[in-house]
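# here's my sequence, what's the structure:
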Amino acid sequence: MSTAPPLRRTLPLLVLLVALTGCASKPMIVPTPAPPPPPPWAGTLTLWAPEPPAAAGGREALEQRLSAFMAAHPSVQVRLEIKPDVAAALVVKEAVRPDLAFAAFDPHLWPQGCPDLPEDATLPAADWLPGVAAAFAPAGRLCGVPLYLQGQVLALNLAAWKAAGVEPPAGGHWSLEQFETALKALSGRGMAPLSFFALPGYDAWWPLLLADDGRLLDGVGRELTLTETALRRLAAWEQAGLIDPDAGKLPPEQVYAAFAANPPRLAMLPVPARLLPNFQLPPYRVEQLGVAAFPDGANLGRLYGFLLTGGAEAPRRAAAVQLAQALADAPAQVAWARSEGGFPAARGAGNPYRGDAALTAAQAAVERVEPLPGGAWWGKAEPLLTRHLQLAVIGGESPADALSASRSALTPFLREAGT
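Numbers count the residues shown, from 1 in each chain. Have a look, this model is predicted:
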């Protein structure tokens, strides 16, 4: 007699054996351990900077920030070199360039620096003003970390507006069409709607040329990009009596006095925002002072920050970026802005002028600032441009001739500076 177990009892055992055999044949998946983080960069970073003003904390505040950075990054040392003119030192071709330089924005410096953005970089910061981001982080490259900026505004003598029965722009912002409408409504009442002065070094009125998304220079500072349309517009306003016939001819003191006169002789005056406190004190005190942006939000100004000028290997650049961020945090932006009559380069830094209505309005008016170049070359080029723009507005040159003459005069500076 057979003693084999019934078939129905054998099959489950075979199925279990096959299942166990199959599981045993599968390879075990062992997770790959994460690679250890790279060691921190070790070495010495060089920083060039001018003597910090006492109002921004002076050299003591800068050295305290450097000490705090080195304490947080023990493998990094920072060598501070005080330069009377950082921009001039940067263009000496034989000089060894620093890792960071505290100076004004100048696109002519970028061919000698401005490395590619590090792979793990989170810059430009989301709250950098648009013009700031375009200047310091063009086309995926990182040229530096901004600190503060200076811009221009339209100062309003509101007594003149009240006398004319004209409302100033709501919120201080207006389109080009609204601005021109206001000029016409303010005219013919024994006062000038608009004036300015155009001496070399005074460019506060230039944003009037940049409405309709115009630009002064191209992004690399090699071409004058003003248009005849912009110059013709201002020349037409002057011919129509919307601009004071003395505009561009009188020195600043006389124009300020006309703006502050009582009864008012002038409704609007383009000025650097840092001068607004002057109109709240004698001898140019304006009893009813208002502030507005330029038409379409156009603006020009100076932009300062920590420029990446070393062009070194990626780990060293990353350490320089960390240093720049530590030196340009929100408290530093506020301190420098207040010291220099400017504004933080990032919205998140806040308002340095709480309680001052004029400067608070000015901060909103400069948000679309287009930075002017820094450097000695621009100091030589700007007066040449000023002269021809002035002549175009007052009828001394046609807009076409003024632009042609400007380009000829500026070519040696625009194409050769910094190369």
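# only C-alpha atoms for contact and neighbour calcs from this point on.
OK.
# endpoint to endpoint, stretch 304-315 covers what distance?
Using CA to CA, to the nearest Å, the end-to-end distance of stretch 304-315 comes out at 25 Å.
# tell me where the model's unsure across this protein.
1-38, 111-122, 311-312, 415-419 (pLDDT under 70).
# which parts of it belong to which domain?
As assigned by automatic domain parsing, the chain contains the domains 43-150+301-369, 151-299+373-416.
# okay, these in JSON lines with mean neighbour count next?
Shown next, in JSON lines, are the domains of the chain (neighbours: other CA atoms under 10 Å):
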{"stretch": "domain 43-150+301-369", "mean neighbour count": "19"}
{"stretch": "domain 151-299+373-416", "mean neighbour count": "19"}
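# output the longest strand seen in the chain as PDB, restricted to C-alpha atoms.
Using DSSP state E, we find that the single longest strand of the chain is strand 144-157. In PDB, the C-alpha atoms belonging to strand 144-157 read as follows (Å, rounded to 0.1, in the frame of the first residue of the first chain):
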ATOM      1  CA  GLY A 144      28.100  91.200  -7.100                       C
ATOM      2  CA  VAL A 145      25.700  91.700  -4.200                       C
ATOM      3  CA  PRO A 146      24.100  95.200  -4.100                       C
ATOM      4  CA  LEU A 147      24.000  97.400  -1.000                       C
ATOM      5  CA  TYR A 148      22.200 100.700  -1.700                       C
ATOM      6  CA  LEU A 149      21.200 103.000  -4.500                       C
ATOM      7  CA  GLN A 150      20.500 106.700  -5.200                       C
ATOM      8  CA  GLY A 151      17.800 107.900  -7.500                       C
ATOM      9  CA  GLN A 152      15.900 110.900  -8.800                       C
ATOM     10  CA  VAL A 153      12.400 112.100  -8.100                       C
ATOM     11  CA  LEU A 154      10.000 114.900  -9.100                       C
ATOM     12  CA  ALA A 155       9.700 117.400  -6.200                       C
ATOM     13  CA  LEU A 156       6.200 119.100  -6.200                       C
ATOM     14  CA  ASN A 157       5.300 122.500  -4.800                       C
END
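# what strands line up against that strand, and which way round?
According to DSSP bridges, strand 144-157 forms sheet pairs with strand 266-272 (antiparallel), strand 289-292 (antiparallel), strand 299-308 (antiparallel), strand 343-344 (antiparallel).
# which is the next helix or strand following that strand?
Moving toward the C-terminus from strand 144-157, the next helix or strand (DSSP states H and E) is helix 158-164.
# what does that following helix contact?
167-168, 185-186, 189, 191, 263-267, 287-290 (CA atoms under 8 Å, 6 or more residues apart in numbering).
# from the chain's centroid, how far away is it?
33 Å (CA atoms, centre = their mean, to the nearest Å).
# and the strands in this protein?
Using DSSP E, the strands of the chain run over residues 43-49, 76-82, 100-104, 144-157, 192-194, 266-272, 289-292, 299-308, 343-344, 369-371.
# returning to what we had before: so which of the strands paired with strand 144-157 gets nearest residue 56?
strand 343-344 (13.0 Å; CA to CA).
# hmm, back to that, looking at the strands paired with strand 144-157, which is nearest to residue 226?
Per CA to CA, nearest to residue 226 of the strands paired with strand 144-157: strand 299-308, 13.2 Å.
# if we can go back for a sec, which pair of the contacts of helix 158-164 spans the longest distance?
Largest separation among these by CA to CA: 185 and 287, giving 21.8 Å.
# for the residue nearest the centre of the chain, give me its contacts.
The residue lying closest to the centre of the chain (CA atoms, centre = their mean) is residue 132, at 3.4 Å. Counting by CA under 8 Å, 6+ apart, residue 132 touches 146, 303, 345, 369, 370, 371.
# please redo it, this time with the cut-off set to 6 Å
If a contact means CA atoms under 6 Å, 6 or more residues apart in numbering, then residue 132 has no contacts.
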